[in-house]
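# Got a predicted structure plus its sequence, pasted below:
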Amino acid sequence: MNAFATAIDRIFADTNMAVDALWFAGGTGPGVAVRVIRKSPDEITSFGAGRILSETTLLEARVADMATPAPGDLIQIGAESFTL
């Protein structure tokens, strides 16, 4: 294992950086336990002469945990669900 892989493992293991989640391929079936880093940046979108502020959620996961994410997959963190 190289230094980069070790650093990534430590980041995803850190309870201050990553959280436990369940990944449901296709949105159904048995969930697979994964660790994700949750980010919630605000997104500003221009619309005509105005700007719209939208709340967004970005989830980062390791390819080793979630190799084939696809539209329609579901990620559940506690009581919250997010559709890809």
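Good, I have the coordinates.
# ok, now which ones touch the residue sitting nearest the centre point of the chain?
Nearest residue to the geometric centre of the chain (Cα atoms, centre = their mean): Leu59, 2.0 Å. Listed by Cβ atoms under 8 Å, 6 or more residues apart in numbering, the contact set of Leu59 reads 21, 36-39, 75, 82. (C-beta placed from N, C-alpha, C; glycine too.)
# nearest to Ala7, of those?
Using Cβ to Cβ, Ile37 is the member of these that sits closest to Ala7, with 13.3 Å.
# So for that closest one, what's the pLDDT?
Ile37 carries a pLDDT value of 95.
# quick one, strands of the chain?
Assigned by DSSP state E, the strands in the chain fall at 19-24, 32-39, 42-47, 50-55, 58-61, 74-77, 80-83.
# So for stretch 11-20, what gets flagged as buried?
Within stretch 11-20, the residues scored as buried using 16 or more other Cβ atoms under 10 Å are 12, 18.
# distance between the ends of that stretch?
13 Å (Cα to Cα, to the nearest Å).
# Now do it: distance to the chain's middle.
12 Å (Cα atoms, centre = their mean, to the nearest Å).
# per-residue pLDDT, the residue lying farthest from the centre of the chain?
Note on the chain: the largest C-alpha distance from the chain mean falls to Ala49, namely 32.5 Å (Cα atoms, centre = their mean). We have a pLDDT of 88 for Ala49.
# What distance do you get for it to Pro71?
From Ala49 across to Pro71, the span is 33 Å (Cβ to Cβ, to the nearest Å).
# low pLDDT regions in the chain?
1 (pLDDT under 70).
# and the residue nearest to Ile52 when sequence neighbours are not counted, what does it touch?
Counting by Cβ to Cβ, 6 or more residues apart in numbering, Ile52 lies nearest to Thr45, which is 4.8 Å off, once chain neighbours are set aside. By Cβ under 8 Å, 6+ apart, the contact list for Thr45 reads 51-52, 54.
# now Thr45: how far from Ser81?
Thr45 is 24 Å from Ser81, by Cβ to Cβ.
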